[in-house]
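Student: just coords:
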């Protein structure tokens, strides 16, 4: 664990050099603040929660949402962006199905109706595929619209709590290890 912690601290220490590059120079006054790069248990745990919540937003907006929420809540920015990566092409459909079921449960009609089956994807051109995808998602409607933020919030709370517990366990273990060595 100490090897990882040293690597992360060294990586974060170079952030001043990153913001000297021409593309990032304009963002330095907004992003190069200690609150967004702090590695304490509260900032990291909140960053995990923000990232897990933002990860369920629609694809292109995940990282933008994570950055906006991290700046607004003054949490660890790299952790928030990193934890959006749990959604990828392999996990997004199962997560959206779970969000749909969660939304139906929250709306109080878990047995009402059946889920609209996905369109037949065989031999579709990309524009037709995209149009069929959007129509299918629109038919899913309210359960998905309610389920995505609710599931994101659930993931965020669980991620925050687990991060705080694991951090506490690591600190207690390190303290016990140091205490045993001194005796």
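Tutor: Sure thing, it's come through. From a predicted model like this one, the values you see are computed outputs, not experimental measurements.
Student: so for stretch 124-136, mean pLDDT?
Tutor: Per-region confidence: stretch 124-136 scores 77 on mean pLDDT.
Student: same question for stretch 150-164.
Tutor: The model assigns stretch 150-164 a mean pLDDT of 97.
Student: what helix or strand is residue 57 located in?
Tutor: Assessed by DSSP states H and E, residue 57 sits outside every helix and strand.
Student: quick check: pLDDT value at it.
Tutor: Residue-level pLDDT assigned to residue 57 equals 89.
Student: and what of residue 28?
Tutor: 69.
Student: ditto for residue 83
Tutor: On the pLDDT scale, residue 83 gets 94.
Student: which residues touch it?
Tutor: The neighbours of residue 83, taking C-beta atoms under 8 Å, 6 or more residues apart in numbering as the test, are 47, 48, 50, 51, 52, 55, 66, 159. C-beta: built from backbone N, CA, C; applies to glycine.
Student: could you do residue 146 as well?
Tutor: Contact analysis of residue 146 by C-beta under 8 Å, 6+ apart lists 103, 106, 107.
Student: which of the three states applies to the first one?
Tutor: Spelled out, that is residue 103. Classification of residue 103 by DSSP: H, G, I helix; E, B strand; the rest coil places it in helix.
Student: list the residues that contact the closest residue to it other than its chain neighbours.
Tutor: Using C-beta to C-beta, 6 or more residues apart in numbering and skipping residues adjacent in sequence, the residue nearest residue 103 is residue 147, 2.6 Å away. The contact partners of residue 147, taken as C-beta under 8 Å, 6+ apart, are 98, 99, 100, 101, 102, 103, 104, 106.
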